[in-house]
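Visitor: Build me a model:
(2 chains)
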Amino acid sequence: MKKTYKMIDLDCANCAAKMEAAIKKLDGVTDAAVSFMTQKITIEADDARFDAIVKEAVKICKKVEPDCEIVVK
Amino acid sequence: MTKKQKKMLLRIVVSAALFLLLEILGVEGWLGLALYLIPYGIIGWDVLRRAVHNIVNGQVFDENFLMAVATVGAFGCGEYPEGVAVMLFYQVGELFQNVAVARSRKSISALMDIRPDYANVERDGQLCQVDPDEVAVGDIIVIKPGERVPLDGVVTEGSSSLDTAALTGESMPRDVEAGQDVISGCINLSGLLRVKVSKPFGESTVAKILDLVENSASKKAKAEHFITKFARYYTPAVVLAALALAILPPLLGMGPFGMWVRRALIFLVVSCPCALVISIPLSFFGGIGGASKQGILVKGGNYLEALAHAGIVVFDKTGTLTKGTFAVSEVCPKGMEREELLTLAALAEQWSDHPISKSIRAAAPAQLDLSRASGAEEIAGHGVKAVVDGHTVWAGNAKLMELAGIAYDESRGPVGTVVHVATDWGYAGRIVVADQVKEGSDQALRDLKAAGVRKTVMLTGDAQAVGEAVGRQLGLDEVHAGLLPGDKVDRVEQLLAAKNPNEQLVFVGDGINDAPVLSRADIGVAMGAMGSDAAIEAADIVLMDDDLGKLPVAVRIARKTLNIVHQNIAFALGIKFLVLALSAVGLANMWMAVFADVGVSVIAILNASRMLKAK
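Guide: The predicted model follows:
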């Protein structure tokens, strides 16, 4: 499954790169891209673990940039 | 400016004022430390907070951490004013950077401002505005003049002209009337239209385009990957170098600790790779945005990067270089007027649905008295025989002339299908019907060469003579004719195998039947794709309208993007390494270091935002 989420207050391009690298390393993630310009995150991962992965991704982003939020609908 | 940015500006102004006041008063010693900490706190508290937060979370080497160490270090060395000034300058730069990025984001979203806000649906005799998402297939929507077409559909009532500029970059309005398709994203210019919706919003042209452009950022170019990788090693390397610089020389007796620590702090400030990490994706994004403004959709930064290295461009003939419709290209009457010959042929062929007959009818004078002809007889594989004004008329190929026993003009003329016309008093002349070369094709090919394309190749399923004629007319380097659809893939494979290592092979087709070739080429370009889902799916770059002239434009935009990317990499790294070198030998100060960090970022961003206006 591949899903794209909006991000709010992603202010640092280097952080975006760090988030991307960290999320890619999560178990079950096939691909991830954090776009600083569009303020969007795209995650491609196993269907079974998808929700858990998104939760972990949100945590990672918080860790890298405390002000930044992922809008999970 | 956003609220956040305004708040930042206020903090900058207040702490700058306090800082200047302290400078004028010239306080020193412990009192100085206490007083200088006030503007420092005002301007830098969030940097310090984030630095602590990140260390707690195991994220060292982030720019907040580096700035915190550098400024706290300055305070530690007793350089209070410098500590405040560096933080101040850094925040000013960050604010600049924020504003510049926000502006680029905004102008990109303005480019992509084709999302319809509402659709007018008639319910119980009343027009009401609803979200396009809620409209079902088969519903009738009403589009008033000045409104955006919200969904794809077929006009059931009314006629108007549509402005397609937002989709195709083409400023010429397109006329529509009942029975014709309309595409979401266009603007209705003149008349009221009733449209029967043919696709849900999620599958509409607008939704597809928006999706494609927004997702293009997730397909990163090599240059972007390089920068991300580089950033991962650069920062730790510089920090380690700073550490070595602070410790080793003093231990070797090359001067006091204080001096070397200050030099090391400068290293830390320079170690942030932000200028690159922001400006490179921004350049690609700007290039993609600028291209989509021209009706060129690029599916990712990687394709834009590849297009800049386009060396071989392979074209499909029909629908790409030629219109794919037949038209009369030459009329050679014998013993009669041109009009007369066309009229005779058109009358004789009036019952035929063959594309060639249709094109002859299209070329004939408009008002034909169709009742002049009668007794038409179709002779399969030959042509037709009919009676016009009481005389027998034959219209067809050479075999028909031989069948009728009439001497005809056998000379080789221009390439195309020849229709000979004869009446019972003799040969009347010939009409040549041919596929038409698109206007602008030759110019587009010349522009491609000028833009640096080495070789142009045409592939066609048509006969050798037809292919060669088009190839000569347009000045193509290579023509491969008589190919079956499968052969086209083989040809492209051969060309791929023979190309130079650094160049890319572009295949341009109309997206019909050439999906395998589109995906086999380095870059597949589909043209005339407005409304064609298959083409949008299969290609890497999509030209929304039928204009081949957009291809050289796309190549130019790609080249310009890469130029800016290279400029930014060279500029940012050049300045950073220069300041690093200067500070190692003691010739640089904190100010230069902050400039090398945020100043370079701002300049690189401004340079990258030139792409937004690319033509």
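Visitor: which residues make contact with stretch B:164-177 from outside it?
Guide: B:113-114, B:155, B:158-163, B:182-183, B:185-187, B:189, B:193, B:205, B:209, B:293-296, B:530, B:544-545, B:547, B:550 (C-beta atoms under 8 Å, 6 or more residues apart in numbering or on different chains). (C-beta placed from N, C-alpha, C; glycine too.)
Visitor: What about those residues, which are in helices?
Guide: Judged by DSSP state H, helices contain the following of those: B:T205, B:I209, B:K293, B:K550.
Visitor: and of those, the nearest to B:N120?
Guide: B:N120 lies nearest to B:T205 out of these, by C-beta to C-beta, at 18.7 Å.
Visitor: Report pLDDT for residue 47.
Guide: Went with chain A since none was named. As predicted, A:D47 sits at a pLDDT of 87.
Visitor: um, chain B though
Guide: Here the pLDDT value assigned to B:V47 is 88.
Visitor: Could you list the buried residues of whichever strand or helix holds it?
Guide: Using DSSP states H and E, B:V47 falls within helix B:29-56. Buried residues in helix B:29-56, counted by 16 or more other C-beta atoms under 10 Å in any protein chain shown: B:32, B:35-36, B:39-40, B:42-44, B:47-48, B:50-51, B:53-54.
Visitor: Filter the ones in helices among the contacts of stretch B:164-177 down to the buried ones, ChimeraX style.
Guide: In ChimeraX, this line selects whichever of those come out buried by 16+ other C-beta under 10 Å:
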select /B:205,209,293,550
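Visitor: just the angle between the longest helix anywhere in chain A and helix B:29-56, please?
Guide: Longest helix of chain A, by residue count under DSSP H: helix A:50-64. Taking axes from the mean of the first three to the mean of the last three C-alpha atoms, to 10 degrees, one finds helix A:50-64 and helix B:29-56 inclined to each other by 170 degrees.
Visitor: Quick check: closest non-adjacent residue to B:V542.
Guide: B:L297 (4.2 Å; C-beta to C-beta, 6 or more residues apart in numbering or on different chains).
Visitor: Just confirm the one you found contacts B:N215, I think it does.
Guide: No: applying C-beta atoms under 8 Å, one finds B:L297 not in contact with B:N215, separated by 11.0 Å.
Visitor: what about those two, which has more around it?
Guide: Ranked by neighbour count (other C-beta atoms under 10 Å in any protein chain shown), B:L297 and B:N215 place B:L297 first, with 24 against 18.
Visitor: count of neighbours near B:D487?
Guide: Residues near B:D487, counting by other C-beta under 10 Å, number 13.
Visitor: swap that for B:E134, sorry
Guide: Neighbour tally, B:E134, other C-beta under 10 Å: 12.
Visitor: A:D11 too?
Guide: Neighbour count for A:D11, taken as other C-beta under 10 Å: 17.
Visitor: So it is in contact with B:Q97, correct?
Guide: No: between A:D11 and B:Q97 there is no contact under C-beta under 8 Å: 9.0 Å.
Visitor: pLDDT on stretch B:258-271, on average?
Guide: Averaging pLDDT along stretch B:258-271 gives 84.
Visitor: How about residues contacting it?
Guide: Applying C-beta under 8 Å, 6+ apart, the external contacts of stretch B:258-271 come out as B:61, B:66-67, B:69-70, B:73-74, B:76-77, B:79, B:86, B:90, B:234-235, B:238-239, B:241-243, B:245-247, B:249-250, B:254, B:576, B:579-580, B:583-584, B:586, B:588-590, B:592-594, B:596-597.
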